[in-house]
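Chemist: Return a 3D structure for these sequence lines:
(one chain, ligands or ions: 1)
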Amino acid sequence: MPTQPLVIAIDGPAGSGKSTVARKVAARMALHYVDSGASYRAVALKVLRAGLPAQQEDSIVALVEKLQIQFSGTEGQGPVLVDGEDVSGEIRAPEVTEVAARISRLPGVRKRLVALQRRSVPLEGVVMEGRDIGTKVFPDADLKIFLDASEEARARRRLQDNLDKGRETTLEQTRLEITRRDRLDSERKISPLVAAADAVKIDSTELSVDQVVDKIVSLVNERCAARLGNS
Ligand code: DC
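Modeler: Numbers count the residues shown, from 1 in each chain. The predicted structure follows:
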């Protein structure tokens, strides 16, 4: 058992498969799973409910300071709780996605959510996924992965996700949403989506989920052997 919790950071754009992959890696390695995007989505949901404009930073920061967000779970099973309410389904709605991308540009919001994410590491260790985990939240993570895939593959995967959830949409519409999200996430001034210099880049376009998971688990075993007590 390592003395400091093991931290595996997985970053990447929308539709790169990072949530599915991070969940499975966490289950295989008996680590906790944290979806940092859920914290931005939880704030976005509250902003929408309060009817606040997404650029009104002071009011949104005041709202964040009062919120109780719980967004981690063993093997990805934990619900996302906001002030005790299970909002796991509601935070995936398209309007929440849109507002989440906007409020994640606000420095005051990021500061507080990054602090929350840093506090969300249990002793067992964590696989945390997001946009800035390897660059900002845990620059000293034990292993950093930057997961990517072609725009076409990402749009097709996201379309399938949407259809599975009963959301009527088209490939073209999904592609447009993905491109817009990519632009918002990569062009923002603060903590833009970018691979950390020491991240291992994996292009999942031609790989199955299990192939990506196997690759990451091998990397964890190889690079973190001492930390896992395997050497
Ligand atoms: O991964 P996701 O789609 O659930 O993320 C929702 C939004 O939150 C996304 O537009 C970018 C933002 N986000 C972020 O800025 N930093 C993170 N670490 C995670 C998500």
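
Chemist: Rank the helices and strands of this protein by mean pLDDT and give me the bottom one.
Modeler: strand 72-74 (a mean of 61; mean pLDDT, DSSP states H and E).

Chemist: what's the helix or strand just after that one in contact with?
Modeler: Using DSSP states H and E, the helix or strand that follows strand 72-74 towards the C-terminus is strand 81-82. For strand 81-82, the surrounding residues in contact (CB atoms under 8 Å, 6 or more residues apart in numbering) are 42, 45, 46, 67, 68, 69, 70, 71, 87. C-betas here are computed from N, CA, C, even on glycine.

Chemist: And the top helix by length along the chain, what's buried?
Modeler: As assigned by DSSP state H, the longest helix anywhere in the chain is helix 171-187. Neighbour counts over helix 171-187 (16 or more other CB atoms under 10 Å) mark 174, 175, 177, 178, 181, 182, 184, 185 as buried.

Chemist: That helix close to the ligand?
Modeler: Yes: shown here: helix 171-187 in contact with the ligand (CB under 6 Å from any ligand atom) through 181, 185.

Chemist: Residues touching that helix, excluding its own?
Modeler: 13-15, 94, 97, 101-102, 104-105, 131, 151-152, 154-156, 158-159, 162, 192-194.

Chemist: again, only this time at 7 Å
Modeler: 13-15, 101, 131, 151, 154-156, 158-159, 162, 192-193 (CB atoms under 7 Å, 6 or more residues apart in numbering).

Chemist: partners of the most centrally placed residue in the chain in the sheet?
Modeler: The residue lying closest to the centre of the chain (CA atoms, centre = their mean) is residue 130, at 2.8 Å. Beta-bridge partners recorded for residue 130 (DSSP bridges): residue 11.

Chemist: That concludes my questions; thank you for your assistance.
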